[in-house]
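Undergrad: here's my sequence, what's the structure:
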Amino acid sequence: MSIFDNLMGNASELSLNKIHAEFTPIMVEGEELKKAFKIIRDFFVFTNKRLILVNKQGITGKKREYLTIPYGSIIKFSKESAGLLDFDADLKIWIRGQSEPITKEFKDDGNINEVYRLLSQFTL
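TA: Reported below is the predicted structural model:
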């Protein structure tokens, strides 16, 4: 991943070795990291049991929110591709009990298809 891609918000796959130390303390027995993607400062982390959305906060990004979404709680999801004048692709995830979806914006269609495929793989 280049610095330019990161600044532009293009999703890039992260090495599981690089994030292993950060996520091991919050994982349960038998849980394994499967794939991870970074969009600007935030992460999508797929394990064999759940999706973890990491929201880095503040100027330094040291403060982080970890949102766990069990795959069984995802009731639907959609992707909207980038258009002629709209260069952003959107991924929306609806969670049981929530009226509004979680929306993540991808600058162009980069890796949104892979994230969508993984959501399909783990929820269907």
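Undergrad: just the helices in the protein please.
TA: 3-8, 16-23, 112-123 (DSSP state H).
Undergrad: with distance to N48, mean pLDDT and mean neighbour count as added columns, please give the ones you listed in CSV.
TA: In this view, the C-beta of every residue, glycine as well, is placed from N, C-alpha and C. Formatted as CSV, these follow (distance: least, C-beta to C-beta, whole Å; pLDDT from 0 to 100; neighbours: other C-beta atoms under 10 Å):
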stretch, distance to N48, mean pLDDT, mean neighbour count
helix 3-8, 27, 41, 12
helix 16-23, 12, 91, 12
helix 112-123, 8, 93, 16
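Undergrad: and those helices as a markdown table, adding distance to D88?
TA: Shown next, in a markdown table, are these (distance: least, C-beta to C-beta, whole Å):
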| stretch | distance to D88 |
| --- | --- |
| helix 3-8 | 11 |
| helix 16-23 | 25 |
| helix 112-123 | 10 |
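Undergrad: L51: which of these is closest?
TA: Checking the helices of the chain against L51 by C-beta to C-beta gives helix 112-123 as the closest, at 7.3 Å.
Undergrad: which helices and strands does the closest one pack with?
TA: strand 33-39, strand 42-47, strand 74-80, strand 88-95 (3 or more C-beta pairs under 8 Å, 6 or more residues apart in numbering; DSSP states H and E).
Undergrad: let's go with 7 Å and repeat that
TA: strand 42-47, strand 74-80, strand 88-95 (3 or more C-beta pairs under 7 Å, 6 or more residues apart in numbering; DSSP states H and E).
Undergrad: pick the most deeply packed of those strands.
TA: Mean neighbour count (mean count of other C-beta atoms under 10 Å) peaks for strand 42-47 among the helices and strands packed on helix 112-123, with a mean of 21.
Undergrad: helices or strands up against that one?
TA: Where contact means 3+ C-beta pairs under 7 Å, 6+ apart, strand 42-47 is packed against strand 33-39, strand 50-57, helix 112-123.
Undergrad: adding distance to L14, write these out as a markdown table.
TA: Shown next, in a markdown table, are these (distance: least, C-beta to C-beta, whole Å):
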| stretch | distance to L14 |
| --- | --- |
| strand 33-39 | 4 |
| strand 50-57 | 11 |
| helix 112-123 | 12 |
